[in-house]
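Asks: need a structure here:
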Amino acid sequence: PMPKKGDYLLAIRGKPNPRSNGITDKRKLMTKILGQEWHRTKVGEIFLDYLAEPSTVLFPVFNELLEKHLATSFYHMSGGAYNGKLARPLAKQNVFVSIDNLFQPDWRELFFVGVSSTSPEVAYSKWPMGNDGFITSSNPEKAIALINKHGLEALIVGILEKASNSRTGVELKAFNGERVYFSGK
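Replies: Just a heads-up that it's a prediction; the model follows:
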């Protein structure tokens, strides 16, 4: 699968979960804020449900999208998130996408960003921030219908453009309205 100029970029999300290589940071923050037994506190219980939620499994929907020729590329937002898992593969294909309407992060995700004084650039470079994966497609309506059939949500977040003026990868509008750019290089 290979993305190309003119393809739509679709964001996909399942049940809110914190899965990425950055989850260790979140658990350490809970210990720092509420102590070693944070999961036994009333506040900790609210976060435990979120922190224990498994990753959204995207393989079945990715596989069906591929079989039905509804996706031209696939991206799973684990550790490395927007720079390593999205911008870098797009940059290799010499394309760029501007994203303005991502799924918003879960409020608990924003809590971790706030208490750790993490900038939006660092947060989006480390965590999925409410978006489990992405695909590119030339037929977004049919792709969204298939994604929904799998119990997931999807929305169009951008259209791929040919890279110009050395601008490759991804520029996105963060949860706070700030623009964040990842060249993927």
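Asks: Give me the distance between Ala71 and Ile144.
Replies: 11 Å (Cβ to Cβ, to the nearest Å). (Each C-beta comes from the backbone N, C-alpha and C, glycine too.)
Asks: actually Phe175, sorry about that
Replies: 22 Å.
Asks: quick one: which of those two has more around it?
Replies: Ile144 (21 against 18; other Cβ atoms under 10 Å).
Asks: May I ask you to confirm that the more buried one is in contact with Leu152?
Replies: No. The pair Ile144 / Leu152 is not scored as a contact, 9.7 Å apart, by Cβ atoms under 8 Å.
Asks: tell me which residues in the helix ranked longest in the chain are buried?
Replies: Identified as the longest helix of the chain according to DSSP state H is helix 23-34. Residues Ile23, Lys26, Leu29, Met30, Leu34 are the ones in helix 23-34 that count as buried (16 or more other Cβ atoms under 10 Å).
Asks: Tell me the helices and strands packed up against the worst-scoring helix or strand of the chain on mean pLDDT.
Replies: Lowest by mean pLDDT, DSSP states H and E among the helices and strands of the chain is helix 81, with a mean of 84. Counting contacts by 3 or more Cβ pairs under 8 Å, 6 or more residues apart in numbering; DSSP states H and E, helix 81 is packed against helix 120-126.
Asks: CA atoms only: put the helix it packs on into PDB for me.
Replies: This file holds the C-alpha atoms of helix 120-126, laid out as PDB (Å, rounded to 0.1, in the frame of the first residue of the first chain):
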ATOM      1  CA  PRO A 120       1.600  19.800  22.400                       C
ATOM      2  CA  GLU A 121       4.600  19.000  20.100                       C
ATOM      3  CA  VAL A 122       6.000  16.500  22.600                       C
ATOM      4  CA  ALA A 123       2.500  15.000  23.400                       C
ATOM      5  CA  TYR A 124       1.800  14.400  19.700                       C
ATOM      6  CA  SER A 125       5.300  13.000  19.100                       C
ATOM      7  CA  LYS A 126       4.800  10.500  21.900                       C
END
